[in-house]
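# here is my input; please provide its structure:
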Amino acid sequence: MNKMTLGLVAALALVAGPALAEDRVIEGAEIASACAGDVVKLCAGVIPGEGRVKACVKNSLSKLSQSCRDTIAHEVSAQVPQDGAQAKMTRIGGLNDYRYCEIFLIGGNPFDLEGAVYNTTELNLGADKTDSCPDALWSKVDPKKLKDEYHLLGVFKNGPRHWMYDWIETPIGAEKDLSGLKVRWINYVQLPPDMFKQGSTFYKPTTVERKSKQGYAKGQAIFILDDPEGTPWVMQAYSLIVDPTLKFDDLKTLGTKLKLPPGWKYRWKVLDQDMEIHAINGTARIVQDDLEGTYNACFTQGGEAACSIQP
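Residues are numbered from 1 along each chain as shown. Predicted structure coming up:
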């Protein structure tokens, strides 16, 4: 998969292209799904954004599958809210095992889907100061109503999730109330063409553009995927989307639940010193497991290391 302008979601994010169930994103999906195979095959070298995928598809009309040709006639487009214009770099601490959710307001067009990403961190707090996404509020978020209200192609509910960082520094933009849930803008993302295919992101490393940096504290437990080449990938968040019963205490034995591909390994350790992770030349590497947990790579490029220590 090619470089995509994903930030904290990667956070995918992430979100870097998480698998989307039918009740998590609506409309625009039919066209994107019908043409996803064509896009991957015919436009493999095209970076999503600025109409590039759409242009590639339309330049390849004679090579498109029948299902893709049948749906192109229904193409629609929409603009996402521009709530990142006044974003300020903000440091947030106390995040280890902190529950949050995200909402993607999705626009663009079905060949170049763009999401404005909104995060709940530090908001919606009640008696539990580590839960910014209470079930009572999250369950009331109606994607269909939000889609109609903001004239969008779709809305994606991403969560609940739990941060694994101790702290993060990231751009924070305008605050919104989305169906009673308070959220703040954190990024714009260009969504991958195969995002609607279940499992399309699992154990498939990709790159993201990122301005944020993150840290783990001495004495903190961290959870790591080692890929077949020996690169360690440190968990940035675990997800309750696939397994709603998952808890922090389960992470030490998570490797017994994951469907690890050949050559991949899972482990955990307690840090004996602080660790920071940052992008190299604005680019980070991320991967997702089959429970939709997300991880950052500790890699080196041009003599620069993404992680302050090798875990």
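# quickly find the element holding the closest residue to residue 211 other than its chain neighbours.
For residue 211, ignoring the flanking residues on the chain, the nearest one in space by Cβ to Cβ, 6 or more residues apart in numbering is residue 171 at 5.8 Å. Where C-beta positions appear, they are placed from N, C-alpha and C, glycine not excepted. If you go by DSSP states H and E, residue 171 is part of strand 167-172.
# need the next SSE after that strand, C-terminal direction.
Counting by DSSP H and E, the element that comes right after strand 167-172 along the chain is strand 175-178.
# packing partners of that following strand?
Packing contacts for strand 175-178, counted by 3 or more Cβ pairs under 8 Å, 6 or more residues apart in numbering; DSSP states H and E, involve strand 181-190.
# could I have the CA atoms of whatever helix or strand comes next after the strand it packs on written out in CSV?
Scanning forward in sequence from strand 181-190, with DSSP H and E defining helices and strands, the next element found is strand 206-209. This file holds the C-alpha atoms of strand 206-209, laid out as CSV (Å, rounded to 0.1, in the frame of the first residue of the first chain):
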residue,chain,number,x,y,z
THR,A,206,1.9,1.0,5.5
THR,A,207,3.2,4.6,5.9
VAL,A,208,1.5,7.6,7.2
GLU,A,209,2.2,11.3,7.2
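# in strand 206-209, what's buried?
Of all the residues in strand 206-209, those buried under the rule 16 or more other Cβ atoms under 10 Å are 206, 207, 208, 209.
# then stretch 236-252?
Of all the residues in stretch 236-252, those buried under the rule 16+ other Cβ under 10 Å are 236, 237, 238, 239, 240, 241, 246, 251.
# quick one: contacts for residue 226?
Taking Cβ atoms under 8 Å, 6 or more residues apart in numbering, we find residue 226 in contact with 232, 233, 264, 265, 266, 267.
# ugh, wrong one, I meant residue 107
77, 78, 79, 80, 113, 114, 115, 116, 152, 153.
# save those residues as TSV, and put in pLDDT too.
What follows is the contacts of residue 107, written out as TSV (pLDDT from 0 to 100):
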residue	pLDDT
77	75
78	83
79	89
80	91
113	78
114	84
115	87
116	92
152	89
153	82
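# buried among the residues you listed? Make that a ChimeraX selection.
This is how ChimeraX selects the buried members of the contacts of residue 107, with burial counted by 16+ other Cβ under 10 Å:
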select :78,80,113,114,115,116,152,153
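# list the ones among the contacts of residue 107 that fall in strands.
If you go by DSSP state E, the contacts of residue 107 have 113, 114, 115, 116 in strands.
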